[in-house]
Each structure stands twice: as structure tokens, then as C-alpha cells.
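Peer 1: have a look at this prediction, sequence included:
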Amino acid sequence: MQTASNILVINCGSSSLKFSLINIHNQQTLMSGLGERLMSKDASLTINFAAEKSQHRLKPPYNHQVVIETLVEILRSQQLTDDIYAIGHRVVHGGELYANPVLIDEKVKQTITMLSKLAPLHNPANLIGIAAAEQAFPQLKQVAIFDTAFHQTMPEKAYVYALPYQFYQQHSLRKYGFHGTSHYFVSQEVAKKLNKPTTQLSVITAHLGNGCSITAVEKGKSVDSSMGFTPLEGVMMGTRSGSIDPGIIFYLVEQLNFSLDEVNTILNKKSGLLGVSQLSNDCRALEQAAFKENNRLAKLALIIFSYQVAKSIASLSASLTQLDALVFTGGIGENSSYIREQVLQHLSLLNFAIDPEKNQQARFGQSGNISQENARPCWVIPTNEEWVIAEQTFQLLTSE
Ligand code: ADP
């Protein structure tokens, strides 16, 4: 019997659902889509199929289940349902329990539910996606791929916080790291570019999107990463503050009378590029404002961002025995030649030096080494988390 060749990849957020249907043999995405503004009357589903984009209105109750039902109808109309081999789900938090992909069964769902206390915004949404997919495709196997899994190789010195040790022992309070599939993917890709096995290569990967994290990868394994117990730690991001003096939280609560809920919202949703610029969380909009309109705070936000990214890269170099290359990925890392140039300007002591022409060329899906001839290599590599999820789903099920 011929095996079905496509994997349906599902990435469920609290009010969104992204999916891709990927052919496992040729890596092509046959169909992809995004359900947005779920749970509201404006909910919609955008589908990319056969080089065309179509917009679909969603029926009440406008939830994840409705997106999946609409998707099933569309797949059926294109006779694509029979060729789905399995479903791979992005799950944000696997705690210390999952260092590898896992076949989803009742026990795994219970564990993901239990881990929701570590990721209250993400794991419950991932479980909703799993339930909706199970209902729509009861005959298909489903696999969970965890964002934290790649970082489970971090040594103790990297993941234990300098807090009373019992918080780690009793409450799992430690650094986990996130964006694991992206860091894994680009660290594998740069090895191909450099023509070296990953086991002989040490790199730093900078995933700069709305969320940003930077990881030190020694011989194919994550040894430290900028994000921590939650995705709030590390460099500033679109709306997240990144690492700040924890004393600021006491000051906001005790002196400025903010509630803990308000502080949570400030640090997660009102800070970062948005907070400093007072304008936008979007790097493109800030570059426009800074350079076309000479907006001082937009420029300041971009400068602080680049400086923090550079410092994070420099500090992570301490966890490596060699540094073969730096990799930029994510929406900002892949497209903003300005941010890359700013970051590398701070890293001349690590022998990074940008080639301005190559830097301009590496945009909009183009990968390339943007360093000068004699400088340390710095690659721009578009990430492909969906492909990692599809590939790992297939590998797990075919190696059973
Ligand atoms: P997410 O983390 O939500 O997946 P992305 O990886 O898509 O986000 O990154 C979004 C960020 O990438 C936004 O700040 C956006 O402005 C930035 N970005 C996308 N294209 C460009 C560009 N051409 N120039 C500068 N920044 C860009």
C-alpha cells in the first residue's frame, strides 16, 4: 500500500490557528493558512493554495474547531484529505518531561495540561488545537513537538537560577528556553552551508521576530539560551520588556500602585519596541518612522534593541568552546539589514564585520553569508519551523 505523503502541521494560539500541509518527500508546502481573531465575530481564515490567497468567513462560535472544520471542507474539495499521513502540533511547553517529539495519547494530553501552569497562555491553546484535530481526523496519529525540547540539553549551570534551590526542586522553576524548533532548524542549515557536520560545529543562532531569543549551540546541542522560565526573559522584543531589574516590579507595585495583573500586562504587552518607541511593536514601521520621519524614540528603540541583541550574543559566546558562525533568523533577523548591521557593529571584538552589499542582498527569503571575507561568518537563514514539525512527526511515526 502506498503511504500518504503529507503532514498537516498545526500551531494553535489563544486566538489564532496557523496550519501548513507539507509534502514530506519534497518539502513543499501544498496549502497553508491562518485563522485569526478567533472567538470574535471578525474571525477569518486566510488560505494560500496553488499560488492564490483566499479569505473565508468563519461561522459561530468562531473558534478553533470551526477553523478546522472549514479547513477539512476545503481539503475535501481539493481531494487532499486522503493523502494526509499524520498531524504534527507545535506545543510550547514540554517542561523537563519532553526532550523529543511524542505521539499524543491521553497520558500525553494530561501531561501537557499539567504543564499549563508553566505556560498558561500557550499550552491550553495547543490542547484546544489537538482536541479539534482529533475530532476532525479521528483516524490520524497526532504528534506533539515542543518548543522547549531542543533546549533540554542545557547544562545545570545554564538552567538553574540563583534562587533558593528548592524552588527548582519543588516547583520546576528553571530556565527552559523557547523557539527550539527554529534554533534547531537554522543550526542544521548553517552546518550544510559551512559543509561541516553539526557535531563539529558551534554557532549562535539569533531568532528575532515578534518574540526574540538567542541560543548557543555547541556541536548540534543547545547549551544556553536567552529566554528563560518564560518567554519574557532575554532581549527586548516587540511588546515584551525582556530582562529588567526585578526590583522594578516591586517599585511598580509598591510605589506606583500598579496591580500584579497590570505589571504583567506592562511587561508582556506594553514594553519592548512598542514601549520605548511609543509608536509600534513592528520593526518595519519603526525603521520607516526613524529614517523617513526622523522620529527620535523610534530610532532609540531600534538602537537599544540592536545593542541588547549584540550583548546577548557576546555573553552567550562564553558558553561555547569555539564559534564558527552567527545566524540571524525570524522576521527581523531575515529582513532587517539595518538591525543586522547595528548588531554586528557592536561585535567587532568577536571578529564580526559586515559586508554592506551582501547584507542588502540577504532579505525576503534569501539566505547568505553577510560577513566580509576575513571576518567570522554571519549567516542569514530563513527559519522553517513548520518543516521541522512535519519532518519530526514523520520520523517518529516511521521509526516506531
Ligand atoms: P513572529 O514572532 O510573530 O513569528 P515574525 O518572525 O514574522 O514574527 O517577525 C515579525 C517582525 O519582523 C516584525 O517586527 C516585523 O516588522 C519584522 N519584519 C518583517 N519584515 C521586515 C522588513 N522587511 N524589515 C524590517 N523588519 C521586518
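Peer 2: Structure's in. What do you need? Numbers count the residues shown, from 1 in each chain.
Peer 1: just checking, what packs against whatever helix or strand W387 lives in?
Peer 2: Assigning secondary structure by DSSP states H and E places W387 in helix 385-398. If you count contacts as 3 or more Cβ pairs under 8 Å, 6 or more residues apart in numbering; DSSP states H and E, helix 385-398 packs onto strand 6-12, strand 17-23, strand 84-91, strand 102-103, strand 141-146, helix 180-194. C-beta coordinates here come from the backbone N, C-alpha and C atoms, glycine included.
Peer 1: give me whichever of those is most buried.
Peer 2: strand 6-12 (a mean of 26; mean count of other Cβ atoms under 10 Å).
Peer 1: same for that strand, what does it pack against?
Peer 2: In terms of contact count using 3+ Cβ pairs under 8 Å, 6+ apart, strand 6-12 is assigned the packing partners strand 17-23, strand 84-91, helix 123-136, helix 385-398.
Peer 1: any residue of whichever helix or strand comes after the shortest one touching the ligand?
Peer 2: Spelled out, that is strand 17-23. Using DSSP H and E, the next helix or strand after strand 17-23 towards the C-terminus is strand 29-36. No. Counting by Cβ under 6 Å from any ligand atom, no contacts exist between strand 29-36 and the ligand, the nearest distance being 11.0 Å.
Peer 1: now do the contacts for the residue of the stretch 151-300 of the chain found nearest the ligand.
Peer 2: Scanning the stretch 151-300 of the chain for the residue nearest the ligand gives G209, at 2.5 Å (criterion: Cβ to the nearest ligand atom). Applying Cβ atoms under 8 Å, 6 or more residues apart in numbering to G209 gives the contacts G238, G330, G331, I332, G333.
Peer 1: give me that answer again for 7 Å
Peer 2: G330, G331, I332 (Cβ atoms under 7 Å, 6 or more residues apart in numbering).
Peer 1: got it, and S271?
Peer 2: The neighbours of S271, taking Cβ under 7 Å, 6+ apart as the test, are T239, R240, S241.
Peer 1: list buried residues within the residues you listed.
Peer 2: By neighbour count, with 16 or more other Cβ atoms under 10 Å, these hold T239, R240, S241 as buried.
Peer 1: circling back to that earlier point, okay, the contacts of G209 in JSON lines with pLDDT and neighbour count next?
Peer 2: Shown next, in JSON lines, are the contacts of G209 (pLDDT from 0 to 100; neighbours: other Cβ atoms under 10 Å):
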{"residue": "G330", "pLDDT": "96", "neighbour count": "22"}
{"residue": "G331", "pLDDT": "95", "neighbour count": "18"}
{"residue": "I332", "pLDDT": "97", "neighbour count": "28"}
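Peer 1: that'll do, ta.
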